[in-house]
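>>> show me how the following folds:
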Amino acid sequence: MQNLSRRGILTLGAALGLVAATDTPKAWAWSSANSIAGTDAVTDPWEVWDDDTDPLVASLLVNGQIPAVNEAFKSWIKNGDPLPSSLPPALATYIRRVNTLPSWADQAKLDRAAQFNKRMSMYLFLLYGLGSGIMSTVIPREARNVYWSEGGADMKARAAKTFTYGYDMNPADAFKSTGKFITTSTKTRLTHAAVRHLLPQSAAWRGVTDHPIPISNGDILITFHSLGTYVHRKLTEWRRYGLRISAAEEEAFLHMWQVALHLLGVRDEFIPATWAAAYEQSEYALTPLLAPTREGIDLADILLNLTSSVDLGITKGFQREFARYVLSDEIGNWLRLPRDLVSRGVIEVGWPTYVMFREGLSPVMPGTFGMFDRFVRGLAMLFLNNGTSSSHTPITIPTHNRPGS
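A predicted model of the protein is given here:
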């Protein structure tokens with residue numbers, strides 16, 4: 001296992017507000033009584049994968065059918081699109097069964113989540129892109145899985161596919177027949193199954209992994225907590241600057257993620273029923289495992305350089321200090337992000353006043369408003385332009401690992 005007592009983990013836990021002080025991570029003890037399944041059992045999600053999907057995709061890979069499937073998927077984009085007639089029968093049968101909302105999905109809540117996403121869009125682009133995106137590089141398993149898989153060799157394309165997933169989740173019709181998110185989730189689920197088959201064949205990946213099979217239900221939960229739970233906590237923190245979020249909106253935002261987890265093949269017994277349950281679960285699934293790796297440091301540098309490649313109206317130093325600000329200096333130090341203390345001072349004073357002015361609580365536009373607005377809007381446009389839709393940046397099932405691995 002990754003060394004979980006490395007220096008600074010307690011400081012990080014306190015900074016993120018996700019874990020109580022402890023010298024060692026807790027063993028998995030989260031009860032499914034707090035899940036949407038409402039049962040009362042303790043099952044280790046790191047030993048659960050996707051029994052419905054893995055054998056099917058492995059067979060398609062062994063038989064050399066994936067390139068034809070990817071070609072057929074180019075015309076299968078919206079949730080209500082007919083399946084391509086050229087798909088292998090077993091795959092078509094599988095998709096008809098899984099490419100649908102769970103029985104417990106609440107469309108009214110999903111509609112409310114879409115309205116919330118629209119209202120919070122500028123903050124969400126910032127937190128997903130500069131917060132969650134960089135946090136993913138200090139999740140050791142995730143960083144190593146990405147680095148040694150096919151996508152790790154072309155991070156711009158890999159990031160664009162990630163943007164596609166996030167972009168397709170946000171529109172008003174995301175979960176309806178005219179939207180794309182259900183289909184995008186199914187393609188992502190198939191991609192995960194392919195990675196589970198391919199990565200164990202990589203000698204380089206086997207040399208650094210702490211588990212013989214990647215992307216378990218536990219790993220997907222980690223990703224959820226680095227996205228949904230992290231963003232919810234930051235938005236909640238920014239209430240002190242005037243951000244307004246109703247209880248109904250919070251519930252809807254969680255429900256959107258609950259459905260998303262189900263669509264990715266996570267068992268309902270692992271999906272938190274409330275935000276309180278999600279925060280509790282994150283103590284097991286995220287915070288104790290955060291740590292730097294060689295692969296993660298490399299990926300963070302690539303991702304930050306991608307955002308630096310477009311005109312955000314700010315310096316690289318400002319950008320990297322903002323990553324530290326929304327995550328922690330501990331993570332910034334792990335990733336060796338250069339310091340820019342002048343920019344940090346501007347951020348710590350300017351960001352609260354920016355939020356207050358945007359939310360209508362301050363009648364006076366702060367002098368730094370234009371800089372923050374260009375920065376946030378620039379990140380939003382990077383998000384939208386690199387992952388405009390599934391048709392522009394298709395999610396394809398990989399057929400190999402990182403070259404040379």
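>>> let me see the domain layout of the chain.
If you go by automatic domain parsing, the domain ranges for the chain are 49-289, 294-386.
>>> what's the closest of those domains to Ser35?
domain 49-289 (5.1 Å; C-beta to C-beta). In short, each C-beta sits where N, CA and C put it, glycine included.
>>> the closest one: end-to-end distance?
With C-alpha to C-alpha, to the nearest Å applied, domain 49-289 spans 19 Å between its terminal residues.
>>> so which strand or helix has the residue nearest to Thr368 when sequence neighbours are not counted?
Once flanking residues are discounted, Thr368 sits nearest to Gly350: 3.8 Å by C-beta to C-beta, 6 or more residues apart in numbering. According to DSSP states H and E, Gly350 maps onto helix 341-358.
>>> wait, doesn't Asp110 sit right on Asp173?
Asp isn't right for residue 110; it's Leu. No - using C-beta atoms under 8 Å, Leu110 is not in contact with Asp173, being 9.8 Å away.
>>> the more surrounded of the two?
Counting neighbours by other C-beta atoms under 10 Å for Leu110 and for Asp173 shows that Leu110 has the greater number, 21 against 16.
>>> wait, doesn't Thr209 sit right on Ala143?
No - Thr209 is beyond contact range of Ala143, at 11.2 Å (criterion: C-beta under 8 Å).
>>> list the contacts of the helix holding Gly350.
122, 238, 240-243, 315, 317-318, 321-322, 324-325, 362, 364-366, 368-369, 371-373 (C-beta atoms under 8 Å, 6 or more residues apart in numbering).
>>> quick check: phi and psi at the residue nearest to Ile245 when sequence neighbours are not counted.
Nearest non-adjacent residue to Ile245, counting by C-beta to C-beta, 6+ apart: Leu235, 6.1 Å away. The phi/psi pair for Leu235 (degrees, to the nearest 10) reads phi -60, psi -40.
>>> past the worst-scoring helix or strand of the chain on mean pLDDT, which element shows up next along the chain?
The helix or strand of the chain with the poorest confidence is helix 9-16; it has a mean of 36 (mean pLDDT, DSSP states H and E). Following helix 9-16 in sequence order, the next helix or strand is helix 54-62 (DSSP H and E).
>>> enumerate the positions of that next one that are buried.
Neighbour-count burial for helix 54-62, counted by 16 or more other C-beta atoms under 10 Å, picks out 54, 56-57, 60-61.
>>> now the strands for this protein?
With strands called from DSSP state E, the chain shows none.
>>> just for it, where's the confidence low?
Scanning the chain with the threshold set as pLDDT under 70 gives 1-26, 308-313, 382-392.
>>> run a quick neighbour tally on Ser177.
For Ser177, using other C-beta under 10 Å, the count is 10.
>>> quick check: phi and psi on it?
The phi/psi pair for Ser177 (degrees, to the nearest 10) is phi -60, psi -30.
>>> test my guess that it contacts Lys78.
Yes - under the criterion of C-beta under 8 Å, Ser177 makes contact with Lys78 at 7.0 Å.
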